[in-house]
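Peer 1: This is a predicted model, with the sequence first.
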Amino acid sequence: MNIDEFQGRAKETDQFSDEPEKVIHALLNLTETVGVLHRFIEQSHRDKSLPDEYAKEKISQRLGDILWYVSNIATRKGIKLSASASENLIRTKERWGRANELRGKQFDDDMPVFERLPRKFRMAFFEPVGEQKPKKIMIAIPSDQNEWIQVGDRIDDNADSDDGYRFHDVLHLSNAAHLGWSPVIRALLRRKRKSNPEVDRVEDGARAINIEEALTAFVFSHASSVKFFDGVKNVDFSFLKTIERLTFGLEVRHRSYEDWEVAILEGYRLFREIRKKQEGLVEVDLGAERAGRLVLKDLPPSVKADLQLV
């Protein structure tokens, strides 16, 4: 039986079919049945003596009832259930299917090597020798000659309190590792995709950089009130929805809520570590199949030796 046939046969048993505009009866019964299903599933989880086949039969019955009520609501509103189902699959494929299709791929795979985010690289964070308050952090990367060179400006917290925001670039590193996306890190490493002017303008330009910085500050404002996600296993879904809205139109929209959650929680795991040590060397690995990895290690003495007079 296909779903439209079910909808037609469900209409035949609708006791209120002569009141097509009134969906209140179906809505009330739908709500009540969902509640019954919820209570039964909770009971079956607690009461291990219930036979599996019995539980499966009861759940199937309640799901059938729910489908009946949904079908009749659609009928009274002149909606074909198959059309609703098809539209839903289109939306979910756009949001989740595209993310799955891109799993294992980086956004810059088809770009010249010198325009790609490095698949593995190191970045050092430390307070320069003799630095006066407010504390400022220098970021550096090794050059081809294995000497350390400064990237970006020295930054402080730009706040009355010492909240560690000067280390926030580790959050951008997490975006790069777990999302394959960070216009900020691209700018710092000079890996903008200039061979494609449109990509360079839209994905790597000032607006994309500002959006990532704004997202970082937005999440940081909440993170600072919850111990920077220490012990937290999930990011509030409202934050993830806001991120989705703010990144609409950018390539990173193809990453899933789960991808963003991992990037945020792993970024703050690293942030807490480096804030505690006040310095560190971050090893970034974009990883196979985008299973990114961030590791914090002790700062090599050569970093300060190369840069203490910069």
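Peer 2: Thanks, I have the structure now.

Peer 1: Please enumerate the strands of the stretch 101-250 of the chain.
Peer 2: 120-126, 138-142, 148-150 (DSSP state E, counting those that start in this stretch).

Peer 1: Of the ones you listed, flag the one that's most buried.
Peer 2: Sort the strands of the stretch 101-250 of the chain by mean neighbour count, taking mean count of other Cβ atoms under 10 Å, and strand 138-142 sits at the top with a mean of 21. The C-beta positions use only the backbone N, C-alpha and C, and glycine is treated the same way.

Peer 1: quick one: the residue positioned nearest the centre of the chain from E244, how far?
Peer 2: By Cα atoms, centre = their mean, the chain has its centre lying nearest to W260, at 1.4 Å. Distance, W260 to E244, using Cβ to Cβ, to the nearest Å: 8 Å.

Peer 1: what does S60 give?
Peer 2: With distances taken as Cβ to Cβ, S60 is found 34 Å from E244.

Peer 1: Which phi and psi values does K77 adopt?
Peer 2: phi -100, psi 10 (degrees, to the nearest 10).

Peer 1: What of the one 3 residues further on?
Peer 2: Comment: the main-chain dihedrals of K80 come out as phi -80, psi 130, following degrees, to the nearest 10.

Peer 1: tell me the mean pLDDT for stretch 299-310?
Peer 2: Averaged over stretch 299-310, pLDDT sits at 76.

Peer 1: next one: stretch 43-54
Peer 2: In this model, stretch 43-54 carries a mean pLDDT of 81.

Peer 1: can you check stretch 150-167 too?
Peer 2: 90.

Peer 1: hmm, back to that, more neighbours: S60 and E244, which one.
Peer 2: Taking neighbours as other Cβ atoms under 10 Å, S60 and E244 compare with E244 leading, 16 against 10.

Peer 1: The more buried one against R255, yeah?
Peer 2: No. Counting by Cβ atoms under 8 Å, E244 stays clear of R255, with 9.6 Å between them.

Peer 1: what separates the helix or strand harbouring I73 from the chain centre, distance-wise?
Peer 2: Here I73 sits within helix 52-76, counting by DSSP states H and E. Taking Cα atoms, centre = their mean, to the nearest Å, one finds helix 52-76 lying 33 Å from the centre of the chain it belongs to.
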